[in-house]
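Trainee: any chance you can model this:
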Amino acid sequence: PTLPVSGSFNVKEFFTEVAIPIVQNSWLHDFTITGGYRYSDYSTGATTDTYKIEGELAPTRDIRIRGGYNRAVRAPTVQDFFAPQRVALDGSTDPCSGAAITASDIGCLAQGLSVGQVVAPNPAGQYNGLIGGNPNLVPEIADTYTAGVVLTPTFLPGFSASVDYFNIKVEGAIQGIGADTILENCNRTTADPFFCALVTRDGSGSLWRTSNGFVTDLSQNIGRLETAGIDVNAAYNMQIGNAGRLGLSFVGTYLDKLVTNAGVGDDVECVGLAGNICGTPNPKWRHQARVSFNTPDGFSTSLRWRYFDPVDLDG
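Mentor: A predicted model of the protein is given here:
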């Protein structure tokens, strides 16, 4: 169950946008440049500057080329700021469990365990973490690049299609480091003091028997995210005599890159993976296609095909 959240903040903003029509209905059908700027001042102490520049070029009515750059931000939500801090299941490993601690297990000794101590692993592979909001968060910052083409051929009424490339890079991403990553950097042979300080064991040395044992994994502005790919959209509808109207639609995404970095270690490429590091399934290709038919007397029927490429466990 979701715990109750109490908290608030406010933001004051100034923004402006401009559209400059360079050419219209002349030797080019359309050539327009747009730009925008926004200044935001948050009561939490953060200020941000965001801006964009975009362009659209249509040699004829049938084809339109578009592209743009956008400096974007995502401010922490009320949940990010003020979610109750609590101990809950958060990790799947404990490198210091299962075998007696030796003098060479410096990472485990740094967590308060002693030589000869044996910590029982959780048969379910579930371990505690201290999770919740962080009032010291600041907005994420992203650079977004897009480029694409839109087709609306006049010789095929009712048809439209677009293909767009996207590339998004997020810095200072609001996320937890991850309990498994923290323990990986404070294991039997590695004793990084930053990560070892985030591990709190209960009286038996466990991270799962009681709520007194946990890994501190609060949200932070740490690490980065990067994704790139291609979106495909197409639609077509036509009248079938007096019988009704036929509609076809297709929406697909080819995921070329999905990189996550928890702020430590190497980048993790998450295309085709899912799990504790990569989160929900991230298929290389996915799409939805629909065929529909609407009759003049108000009846309609449709068939939808939804497809996801297979994914593997990121562990």
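Trainee: CA only for contacts and neighbour counts going forward, please
Mentor: Noted.
Trainee: which residues touch Y69?
Mentor: By CA atoms under 8 Å, 6 or more residues apart in numbering, Y69 lies in contact with K52, I53, E54, D143, T144, Y145, T146.
Trainee: which of the residues you listed fall in helices?
Mentor: Members of those lying in helices (criterion: DSSP state H): none.
Trainee: turn the buried ones among those residues into a named ChimeraX selection, would you?
Mentor: ChimeraX command restricting the contacts of Y69 to the buried ones, with burial defined by 16 or more other CA atoms under 10 Å:
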select :52,53,54,143,144,145,146
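Trainee: partner strands of the lowest-mean-pLDDT helix or strand in the chain and their direction?
Mentor: Lowest by mean pLDDT, DSSP states H and E among the helices and strands of the chain is strand 174-175, with a mean of 87. Counting by DSSP bridges, the strands paired with strand 174-175 are strand 220-221 (antiparallel).
Trainee: contacts for the next helix or strand after the strand it pairs with next, please.
Mentor: Using DSSP states H and E, the helix or strand that directly follows strand 220-221 along the chain is strand 224-240. With contact meaning CA under 8 Å, 6+ apart, strand 224-240 is reached by 158-173, 245-263.
Trainee: 6 Å instead, please
Mentor: 158-173, 245-261 (CA atoms under 6 Å, 6 or more residues apart in numbering).
Trainee: show me the shaky parts of the chain.
Mentor: Within the chain, the stretches with pLDDT under 70 are 1.
Trainee: assign T48 to helix, strand or coil.
Mentor: Under the three-state scheme (DSSP: H, G, I helix; E, B strand; the rest coil), T48 adopts strand.
Trainee: I meant P21, not that one.
Mentor: Going by three-state DSSP: P21 is strand.
Trainee: quick one: contacts for it?
Mentor: Here P21 is in contact with T32 (CA under 6 Å, 6+ apart).
Trainee: partners of it in the sheet?
Mentor: With DSSP bridges as the rule, P21 is bridged to T32.
Trainee: against G68, how distant is it?
Mentor: Distance of P21 to G68, given as CA to CA, to the nearest Å: 16 Å.
Trainee: and for A124?
Mentor: A124 is 48 Å from G68, by CA to CA.
Trainee: and those two? Which one has more around it.
Mentor: G68 (18 against 7; other CA atoms under 10 Å).
Trainee: and that one, which of the three is it?
Mentor: Per three-state DSSP, G68 ends up strand.
Trainee: quick one: contacts for A72?
Mentor: T50, I141, A142.
Trainee: number of nearby residues for F155?
Mentor: With other CA under 10 Å as criterion, F155 counts 8.
Trainee: should've said V199
Mentor: 23.
Trainee: swap in the one 4 residues further on?
Mentor: G203 is surrounded by 13 other residues when neighbours are defined as other CA under 10 Å.
Trainee: ditto for S206
Mentor: Around S206 there are 25 residues (other CA under 10 Å).
Trainee: before we move on, which element is it in?
Mentor: Going by DSSP H and E, S206 is not in any helix or strand.
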